[in-house]
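>>> Sequence and predicted structure below; questions after.
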Amino acid sequence: MKKKTGFKSPIFRLEARKDKATNEVKKHHIPILVDFKFNDTRIIYPIGFRIDFDKWNEKEQRVKRNNFNKDLVSFSVINERIDLIALSLPTAYKKAIEDKVILSKELFFNVLRNIINPEKITLQNTIQEKSVNYYFQLFIESELKAKNWRDGTKKKIETLKKHLFEYNSNLQFKDITSDFLLNLIKHLTNDLNLNNTTVKKAIVDFKWFLNWATDEKGYNTNLEYKKFKYKFEGTNTSDYQQNIIFLTWDELQHLYNFDFSDNKRLDQIRDAYCFCCFTSLRYSDVTNLKKHNIKIDEAGNYYLDFLTVKTNDKLTITLNKYALAIWNKYKDIELKDNRLFPVPTNQKYNEYLKEVARIAGFKSKETLIEFRGNKRIEQTFEKWELITTHTARKTFIINALNLEIQPDVIRKWTGHKDHKTLELYIKISEDMKEKSMNKFNEI
């Protein structure tokens with residue numbers, strides 16, 4: 001018989017132990033076991049804690065919230081150990097395979113022994129003694145796996161962790177007061193020179209972690225952060241509006257018709273970008289499109305049918321004549337993985353796109369405004385310097401609104417769930433129409 005290989009995810013359960021006096025299954029102070037397999041070997045091992053039967057959630061394989069065992073150990077302490085074991089065992093297996101270490105029961109016993117503290121834990125010896133740094137890492141590892149974070153999400157959370165613990169390497173939950181949060185904002189703004197938009201996002205993400213540690217896991221009991229409020233200058237909707245870069249319809253038509261036939265690389269970048277401007281696609285979607293994502297309905301209309309990379313939404317977008325013309329240009333070209341367009345990495349794409357915009361002559365002056373604390377900072381650029389992959393989707397939305405396509409229809413193409421998301425673009429469109437009407441007054 002062929003030997004089985006691999007690692008089976010651990011299961012956490014209560015020991016089925018009978019009382020010798022009554023011969024009935026015990027219901028109180030029952031050992032919690034971890035049960036897992038590697039290759040052909042099964043291991044069942046006590047995790048070092050006991051709990052009553054009615055305090056155990058069999059489906060979640062965790063102790064029910066707001067409970068303590070006979071030794072006065074809280075649910076959060078026990079569940080923390082379960083979380084750590086669940087993360088550590090498959091990691092140990094993977095590392096052993098990579099390092100070509102012989103897999104054995106002893107290897108996993110050692111992992112478990114290192115996790116399970118032989119000292120008796122009581123209510124007085126609580127999780128508050130561990131630093132927030134420890135729980136932040138646990139947050140990253142568990143949520144990354146559970147929520148399937150994108151690379152961008154993982155990177156921003158790890159950057160936040162770096163900033164946070166460079167500021168206070170031994171931060172405790174009890175230290176997170178309103179004064180601490182205020183000083184953290186000052187540190188991010190003054191010492192790290194981050195603008196208000198970036199700092200605001202960092203604080204929102206930090207509260208995301210704190211809500212996870214407090215409401216989901218019970219690691220934190222300090223609720224002062226929930227009352228903390230701070231006004232970040234320059235982060236309101238009207239402020240964002242000033243910094244949105246997009247191509248007007250005339251600019252888009254100019255780029256669409258510009259002759260790049262003497263430079264294949266730039267010609268391809270222009271085509272991919274314009275395709276996004278005419279369909280609302282993100283960079284992640286246009287680079288992931290396959291030829292089979294283009295379909296035709298009974299009336300002979302071509303349309304895109306695909307799952308978005310960012311949100312995993314299924315979208316259907318009819319191809320207008322401009323997008324269709326670009327597709328026809330590439331439909332018979334054989335590309336790796338049956339891709340629709342030859343799109344480079346995001347970094348190279350943006351680099352080449354700026355070159356495309358510069359050659360196409362987008363040299364109008366654009367002023368970007370940002371705030372650091374109460375300080376307003378203005379920087380002026382030529383428009384080509386600000387053209388990136390993100391501007392295509394904004395270009396589509398604003399031009400669609402200018403063509404008086406209803407926001408609810410636009411949301412079906414873009415995948416936006418909430419109509420409030422488009423309010424910013426609606427305001428820009430209305431301002432553009434008002435400025436156009438005022439031209440009559442200048443005659």
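Good, I have the coordinates.

>>> When you work out contacts or count neighbours from here on, use the C-alpha atoms and nothing else.
Fine.

>>> and Asn67, what is it in contact with?
Lys55, Ser74, Phe75 (Cα atoms under 8 Å, 6 or more residues apart in numbering).

>>> Would you mind confirming that the first one makes contact with Val63?
The one in question is Lys55. Yes. Using Cα atoms under 8 Å, Lys55 is in contact with Val63, at 5.9 Å.

>>> more neighbours, the two?
Neighbours per residue (other Cα atoms under 10 Å) separate Lys55 from Val63, with Val63 holding more: 26 against 18.

>>> ok, the spatially closest residue to Phe206 that is not a sequence neighbour - how many residues close by?
In this structure, Phe206 finds its nearest non-sequential neighbour in Leu160, 7.7 Å apart by Cα to Cα, 6 or more residues apart in numbering. By other Cα under 10 Å, the residues close to Leu160 number 19.

>>> On the C-terminal side of the helix or strand hosting Leu160, identify the next helix or strand.
Element membership of Leu160 [criterion: DSSP states H and E] is helix 151-167. For helix 151-167, the succeeding helix or strand toward the C-terminus, using DSSP H and E, is helix 178-186.

>>> and the next element down the chain from that next one?
Next along from helix 178-186, by DSSP H and E: helix 196-211.

>>> Would you state the strands of this structure in chain order?
Assigned by DSSP state E, the chain shows strands spanning 7-14, 30-38, 41-51, 56-57, 62-63, 294-296, 302-307, 314-318, 365-372, 375-382.

>>> And those: which comes nearest Asp215?
Checking the strands of the chain against Asp215 by Cα to Cα gives strand 62-63 as the closest, at 14.5 Å.

>>> lowest-pLDDT helix or strand in the chain?
Least confident helix or strand of the chain, by mean pLDDT, DSSP states H and E, is helix 237-241 with a mean of 52.

>>> Domain-wise, how is the chain divided?
Using automatic domain parsing, the domains assigned to the chain come out as 7-125, 134-232, 249-442.

>>> returning to that earlier point: which one of the strands of the chain lies closest to Pro342?
Proximity to Pro342 (Cα to Cα) singles out strand 294-296 among these, at 15.8 Å.

>>> which residues sit against the closest one?
Residues contacting strand 294-296 (Cα under 8 Å, 6+ apart): Tyr302, Tyr303, Leu304, Asp305.

>>> Can you lay out those residues as TSV showing distance to Phe209, pLDDT and neighbour count?
What follows is these, written out as TSV (distance: Cα to Cα, whole Å; pLDDT from 0 to 100; neighbours: other Cα atoms under 10 Å):
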residue	distance to Phe209	pLDDT	neighbour count
Tyr302	44	94	18
Tyr303	40	94	18
Leu304	37	94	19
Asp305	36	92	17
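
>>> Relative to Leu89, which of those residues is nearest.
For the contacts of strand 294-296, the nearest to Leu89 is Asp305 (40.4 Å; Cα to Cα).

>>> which residues touch the residue nearest to that closest one when sequence neighbours are not counted?
Counting by Cα to Cα, 6+ apart, Asp305 lies nearest to Thr316, which is 4.7 Å off, once chain neighbours are set aside. Thr316 makes contact with Tyr303, Leu304, Asp305, Phe306, Lys412, Trp413 under the criterion Cα under 8 Å, 6+ apart.
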